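Participant: fold the stuff below for me.
(chains A, B, C and D)
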There are 4 protein chains.
Amino acid sequence: MKAAVLGATGNVGQIFVQLLEGNPWFEVTTVAASERSAGRTYGEASRWRQYTPIPEAVSQMEVMDITPQAVRDVDIVFSALPSEVAGKVEEDFARAGYIVVSNASSHRMDPDVPMLNPEINCDHVSLIEQQRKQRNWDGAIVTNPNCSTTVLTLPLKPVYDKFGIKSLIVSTMQAISGAGYPGVASLDIIDNVIPFIGGEEPKMESETQKILGTAKKPADFKVSASCHRVPTIDGHLEAVFVKTQKNAEPSSVAEAMENFIGEPQKLKLPSAPKKPVIVTWEKDRPQTRLDRMEGKGMSTVVGRIRKDPVLKGIKFVALGHNTIRGAAGCGILNGEYLKVKKFI
Amino acid sequence: MKAAVLGATGNVGQIFVQLLEGNPWFEVTTVAASERSAGRTYGEASRWRQYTPIPEAVSQMEVMDITPQAVRDVDIVFSALPSEVAGKVEEDFARAGYIVVSNASSHRMDPDVPMLNPEINCDHVSLIEQQRKQRNWDGAIVTNPNCSTTVLTLPLKPVYDKFGIKSLIVSTMQAISGAGYPGVASLDIIDNVIPFIGGEEPKMESETQKILGTAKKPADFKVSASCHRVPTIDGHLEAVFVKTQKNAEPSSVAEAMENFIGEPQKLKLPSAPKKPVIVTWEKDRPQTRLDRMEGKGMSTVVGRIRKDPVLKGIKFVALGHNTIRGAAGCGILNGEYLKVKKFI
Amino acid sequence: MKAAVLGATGNVGQIFVQLLEGNPWFEVTTVAASERSAGRTYGEASRWRQYTPIPEAVSQMEVMDITPQAVRDVDIVFSALPSEVAGKVEEDFARAGYIVVSNASSHRMDPDVPMLNPEINCDHVSLIEQQRKQRNWDGAIVTNPNCSTTVLTLPLKPVYDKFGIKSLIVSTMQAISGAGYPGVASLDIIDNVIPFIGGEEPKMESETQKILGTAKKPADFKVSASCHRVPTIDGHLEAVFVKTQKNAEPSSVAEAMENFIGEPQKLKLPSAPKKPVIVTWEKDRPQTRLDRMEGKGMSTVVGRIRKDPVLKGIKFVALGHNTIRGAAGCGILNGEYLKVKKFI
Amino acid sequence: MKAAVLGATGNVGQIFVQLLEGNPWFEVTTVAASERSAGRTYGEASRWRQYTPIPEAVSQMEVMDITPQAVRDVDIVFSALPSEVAGKVEEDFARAGYIVVSNASSHRMDPDVPMLNPEINCDHVSLIEQQRKQRNWDGAIVTNPNCSTTVLTLPLKPVYDKFGIKSLIVSTMQAISGAGYPGVASLDIIDNVIPFIGGEEPKMESETQKILGTAKKPADFKVSASCHRVPTIDGHLEAVFVKTQKNAEPSSVAEAMENFIGEPQKLKLPSAPKKPVIVTWEKDRPQTRLDRMEGKGMSTVVGRIRKDPVLKGIKFVALGHNTIRGAAGCGILNGEYLKVKKFI
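Facilitator: So this is what the prediction gives:
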């Protein structure tokens, strides 16, 4: 199937291109980006900065404008556009009949837009029907959550199902790649922690509720987040404190997490990790650099599950790869799910 | 007054020597360290690694054994010994009549040992009498708290006094210098976060209660900590979530913190910062590298004070210099207090 | 004396403001910057990022346009303008009668502009007369060298004087602050070395010759540079290989460097370090983080002086603080020299 | 074929195990390490710290003593022993009839021991005959060069063959993994450069001559090295300045490097990279983090080839992966060559 990547020259755009190389179902046939890049080859415009070489075929493609007219003949549109422009552009594509799988925050909280972390809530695709009716278009917009929310919600889901969640506190230690490129200035982050990431805390608080809720109604527990940027390249590490409804012993929590699988695993989607959540019992793991590539960057690794004396629940540490599981990888998994479900 | 520094060659020991250079009340006249260093000059044995030059006079001193017999004629003993050896050695000195001001954890939780963060609980020195009686010695052991606890408790004190504290959660991002030298391997921490620091979480949980309690009885709120090592040189940054007893508006909390002073300020002790807690309203501060030297490394900087929806209290970010306020600087301030109070 | 700082909001501009605070001869009375900042207070416009607090008086000043009309009543103008704009603006100030002491590269290689590393070639101020005649203005432009050249030439001068230099090779490891703010993206430099700094190698090659030459004629040895950016905050470390004219034993070279002083030391200028070059014999020094602040950031530290078997001369490692000695500090020292010499 | 890894628990030892997993010719059947580890399973003893999971089968193996008696039934012995112990232990194995392929420096400069960077000098295996005769054993010791030498010599070889080399200067920026584990303390290297690596400069100077010489006689050009540790995880970047015998235009040098292949390529050895040297023309490459995995970590990437005005030759930047090409990977390639040549 033919895929377009919008915003293909940015950091997440490059990772879409990188991960789609070798995907058995989708082939990048169009790359599109802002006017500044349009008209040049992708090789020139992207200043490729990934660890694997730029896919040769894509490198030669001309970068197109981010309009349905310019992109044309594709089956699915992956959007890595910055949120300042994504809102309107993605609507244009949906109106023109395209299925848009987006990493941008613009439409995530729209009540008729599914925000999918597919192991958790792929049934929310039912919102597409409503979306089409209300917005009067044939295409659709489907999004993935914010990177830190994606990492957080995977291990929360089995806890939510088995023990119930009354409220939760999360303190993040997020990698610089989460800010895109050029993103964070090196003078701002070497030997430093920045205890603020614009918009991140409200996103974590509201998106977590939407994902763990039903298609119609967000989950009704409270979330309190404190978000911090640390000097790591990739991988968001999060300290999580959960007040559960039922008593939750660490060993039972670990068991629930380890046994957790979702539709992507059942459907054997190509980008689905064998285990969405991997539990480690080593006392000083997960560690950002050592564990972020678990499940090819698609798993969350959880460690240090222990009782929390304040919330009378549990606390643990979770780690996931922010630009793979938390962005492009999650988007591609969503695309695979939509294909299996015949939306494409 | 003549001061000895035990464990003078290690990282905290060097900072004791560095800070005491120029202290108007104390002069380092003896440096002592483990057998490996004893007998060499301090200049040779210390492999000085601080940003200011090694004090010339101290550099020439012979490193003595860590025994009262070897140290002899001093008025106060500052101990930067590792906790494996501190327990017994410090007792030997107290038994020999010395006032030992220690950074080691060995005796911190002993019920008859004052653990002072002096702006908060210097009245705990009253325990010295009990200590002398029970242990039958003329000297005394006084300690400072663990570095992360020191940073945490300064801003907690005015909150505790004005609003009451029911419980609190803290997630730390701690600098590598907290592990001493050589401490953390570079292969373990560059581009990485290690979500575990041996013994740190129990220390934060119990020491916070002891400091904010009375000399006789620890405070009775619960503390839950998650401790993480990040790639910063100096400065512990902490995300703090507090359940208060009374309603606490961020502006009132800030006011309480800003107005907070303790005995060291009233007594104008030489090492006391003008303000123990500095509040910043910039949205992305405090930052580890930019703010750790506030108050010459003796203040805690607090920012991002906001309501916490989960605990129905407040959350904020606090930063302090772990080897100054959190170790040697706090020890020296304790020494100054003991001098004023005629213990020395 | 009243001083203006042009480009005061950038990183080097801030360091000019920081260092001039407390300078006994100059007082910042005007700060100027590009239109984007003009009209706001310096406190708002600068987003101050230094380790010492923003000087209170300067913080309140309104940022002026970078024109002689707007700046007006000052005795000396320090320019931290980016080179894209410095060329014309500095000429405007000189034409309006101001003495401009610039850190920009725009006029450095003009044959009638003194480029001063003042311990080495302050006699080049004689070019001012020629400059005034040729350009028909009453003011003057005086520059300091590029940061990496400043660090390099200090230890070269005594070698040049005593042993002669036939040619030299230098390989640099330069800090990120050399690229200004925001400068180098963190994604580009953490866990990385970038073996290219735009324009740096030609600058080092030509500026070194000009500084070590006479006012009329550059020195005639060849220089070959390879410049690299490494993940350090401040401090340029350089591996230097020198082909000398006479045989040069490491001990004699060290002696020449240690004894080297220049006019700033003889004239006791306030910003002059006691020793422009400090020699260390420790086998693994100088180190960037530990030694960059030697001489309050105004000295170059040299270590590992040894014979070079290829060039049949010597090799050594040199370190200096790029934004102090290599930029604002050198500019201020130049200003002090110009004052003593009655140019101001 | 059955392979033993000596020193298997250290960092290079782990990379031997990691790379041999999936090698089509060799299978790790024995892991051996110092007494401290012996008797425990490899999973317990190694504290595995690589990005790919520990090979399951090896994880379960008991760690053996580093003696021929304990290791027994294997066809080849890969040694990642530290040089303090390697000298004698490797001799014991050779005497017991084993082919030992070593990464240790102990025997590298022995005149009867081949030090192979196999694309360059695999004909040096002829020394084995002489070694066996002189030392009166049936086994053999073969080594790879020091990591920084391995990276350097690959691009030098085509230059040497086509243009001749009169002398060369090299300034290195070496990763922390080169020091093993725990290796460099984080307090020593974050925000720092250490301009000294024990023994490295003499090694680079003598090993380069041996490798580029004949089996009987080292090459007779002079080498001058300055070695520096920088805060990167993996990958040694080197600035190289070469005085050639014939005139060498950058384009011809690039062509020679790009076309260079050796015996491993001709013999299609499994671990041989397609191209030992990859030339990039991008102005700011190679970069440590982005390019170290080229050729699965087995290629050297060269960039910025330009004329050198001082040596009247060329200068360029070279990058290679120090623990793969520079250690375990080179050793395995040597093993593959020895197998093809029937030494095993």
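Participant: wait, does stretch A:159-173 contact chain C?
Facilitator: No. Under the criterion of Cβ under 8 Å from any Cβ of the partner chain, chain C is not reached by stretch A:159-173; the shortest gap measures 14.5 Å. (Each C-beta comes from the backbone N, C-alpha and C, glycine too.)
Participant: show me what counts as buried in that stretch.
Facilitator: Across stretch A:159-173, burial judged by 16 or more other Cβ atoms under 10 Å in any protein chain shown covers A:159-160, A:162-163, A:165-173.
Participant: need the residues that contact stretch A:289-303.
Facilitator: Stretch A:289-303 has contacts (Cβ atoms under 8 Å, 6 or more residues apart in numbering or on different chains) with A:151, A:154-155, A:232-235, A:254, A:257, A:271-282, A:285-286, A:316-321, A:324-325, A:329, A:333, B:190-192, B:195, D:49, D:51, D:233.
Participant: could you do stretch A:263-271 as well?
Facilitator: Among residues not part of stretch A:263-271, those counted as contacts by Cβ under 8 Å, 6+ apart are A:19, A:23-25, A:118-119, A:122, A:272-274, A:276, A:298, A:329, A:332-333, A:336-337, A:340.
Participant: secondary structure element for residue A:168?
Facilitator: Residue A:168 is part of strand A:165-174 when elements are defined by DSSP states H and E.
Participant: how about the secondary structure of the residue lying closest to residue A:72 once chain neighbours are set aside?
Facilitator: Spatial nearest neighbour of residue A:72, chain neighbours left out: residue A:30 (7.4 Å); criterion: Cβ to Cβ, 6 or more residues apart in numbering or on different chains. When the structure is reduced to helix, strand and coil (DSSP: H, G, I helix; E, B strand; the rest coil), residue A:30 reads as strand.
Participant: how many residues are close by residue A:30?
Facilitator: One way to gauge burial is a neighbour count; for residue A:30, by other Cβ atoms under 10 Å in any protein chain shown, it gives 22.
Participant: who does it bridge with?
Facilitator: Residue A:30 has the following beta-bridge partners by DSSP bridges: residue A:4.
Participant: against residue C:109, how distant is it?
Facilitator: Here the distance between residue A:30 and residue C:109 works out to 48 Å (Cβ to Cβ, to the nearest Å).
Participant: please apply the same query to residue A:104.
Facilitator: Taking Cβ to Cβ, one finds residue A:104 at 48 Å from residue C:109.
Participant: kindly report the same for residue A:211.
Facilitator: Applying Cβ to Cβ, the value for residue A:211 to residue C:109 is 60 Å.
Participant: more neighbours: these two, which one.
Facilitator: residue A:211 (26 against 15).
Participant: residue contacts, the more buried one?
Facilitator: Under the criterion of Cβ under 8 Å, 6+ apart, the contact partners of residue A:211 comprise A:115, A:116, A:117, A:120, A:121, A:145, A:149, A:153.
Participant: drop anything exposed from those.
Facilitator: By neighbour count, with 16+ other Cβ under 10 Å, these hold A:115, A:116, A:117, A:120, A:121, A:145, A:149, A:153 as buried.
Participant: redo those as TSV? Include distance to chain B and pLDDT.
Facilitator: Listed next are the buried ones among the contacts of residue A:211 as TSV, based on distance: Cβ to the nearest Cβ, whole Å; pLDDT from 0 to 100:
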residue	distance to chain B	pLDDT
A:115	21	98
A:116	26	98
A:117	22	98
A:120	21	98
A:121	22	98
A:145	19	98
A:149	16	98
A:153	17	98
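Participant: how about those residues in TSV, adding secondary structure?
Facilitator: As requested, the buried ones among the contacts of residue A:211 are arranged in TSV below (three-state DSSP):
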residue	secondary structure
A:115	strand
A:116	coil
A:117	coil
A:120	helix
A:121	helix
A:145	coil
A:149	helix
A:153	helix
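Participant: returning to what we had before: out of the contacts of stretch A:289-303, which are inside helices?
Facilitator: A:151, A:154, A:155, A:254, A:257, A:329, A:333 (DSSP state H).
Participant: closest to chain D out of those residues?
Facilitator: Nearest to chain D among the ones in helices among the contacts of stretch A:289-303 is residue A:329, at 16.9 Å by Cβ to the nearest Cβ.
Participant: surely the closest one and residue A:321 touch.
Facilitator: Yes. Counting by Cβ atoms under 8 Å, residue A:329 sits close enough to residue A:321 to count as a contact (7.4 Å).
Participant: give the residue from those two that has the larger number of neighbours.
Facilitator: When residue A:329 and residue A:321 are compared for neighbours, residue A:321 comes out ahead with 31 against 25, by other Cβ under 10 Å.
Participant: nearest residue to the more buried one other than its sequence neighbours?
Facilitator: According to Cβ to Cβ, 6+ apart, the nearest residue to residue A:321 is residue A:297 (3.8 Å).
Participant: same deal with residue A:210?
Facilitator: In space, and not counting its chain neighbours, residue A:210 is closest to residue A:218: 4.8 Å by Cβ to Cβ, 6+ apart.
Participant: how far away is the one you found from chain D?
Facilitator: Computed as Cβ to the nearest Cβ, to the nearest Å, the residue A:218 to chain D distance reads 37 Å.
Participant: any idea which element that residue lies in?
Facilitator: Following DSSP H and E, there is no helix or strand that holds residue A:218.
Participant: so how many other residues sit close to it?
Facilitator: 16.
Participant: and it, how far from residue B:6?
Facilitator: 58 Å.
Participant: what residues does the stretch 151-300 of chain A have near chain D?
Facilitator: Taking Cβ under 8 Å from any Cβ as the criterion, the neighbours of chain D within the stretch 151-300 of chain A are A:190, A:191, A:233, A:289, A:290, A:293.
Participant: just put the residues you listed in a markdown table and tack on neighbour count and pLDDT.
Facilitator: What follows is those, written out as a markdown table (neighbours: other Cβ atoms under 10 Å in any protein chain shown; pLDDT from 0 to 100):
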| residue | neighbour count | pLDDT |
| --- | --- | --- |
| A:190 | 25 | 98 |
| A:191 | 23 | 98 |
| A:233 | 22 | 98 |
| A:289 | 23 | 97 |
| A:290 | 20 | 96 |
| A:293 | 17 | 96 |
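Participant: farthest-separated two in these?
Facilitator: Taking Cβ to Cβ as the measure, these span a maximum distance of 25.5 Å, between A:191 and A:293.
Participant: shouldn't the residue nearest to residue A:210 be in contact with residue A:209?
Facilitator: Yes. Counting by Cβ under 8 Å, residue A:209 is a contact partner of residue A:218 at 3.9 Å.
Participant: what are the buried residues along stretch A:16-25?
Facilitator: By neighbour count, and taking 16+ other Cβ under 10 Å as the criterion, the buried residues in stretch A:16-25 are A:16, A:17, A:18, A:19, A:20, A:21, A:23, A:25.
Participant: what's the answer for stretch A:177-196, then?
Facilitator: Counting neighbours by 16+ other Cβ under 10 Å, one finds that the buried residues in stretch A:177-196 are A:177-181, A:183-196.
Participant: would you list the strands that the strand holding residue A:168 pairs with, along with their directions?
Facilitator: With DSSP bridges as the criterion, the sheet partners recorded for strand A:165-174 are strand A:222-229 (parallel), strand A:236-244 (antiparallel).
Participant: alpha carbons of that strand, as CSV, please.
Facilitator: The C-alpha atoms that make up strand A:165-174 are tabulated as CSV, following Å, rounded to 0.1, in the frame of the first residue of the first chain:
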residue,chain,number,x,y,z
ILE,A,165,-7.3,3.4,39.4
LYS,A,166,-8.5,6.2,41.6
SER,A,167,-5.8,8.7,40.8
LEU,A,168,-2.1,8.9,39.8
ILE,A,169,0.9,11.1,40.0
VAL,A,170,3.7,11.0,37.4
SER,A,171,7.1,12.7,37.3
THR,A,172,8.9,12.4,33.9
MET,A,173,12.5,12.5,32.8
GLN,A,174,12.2,13.1,29.1
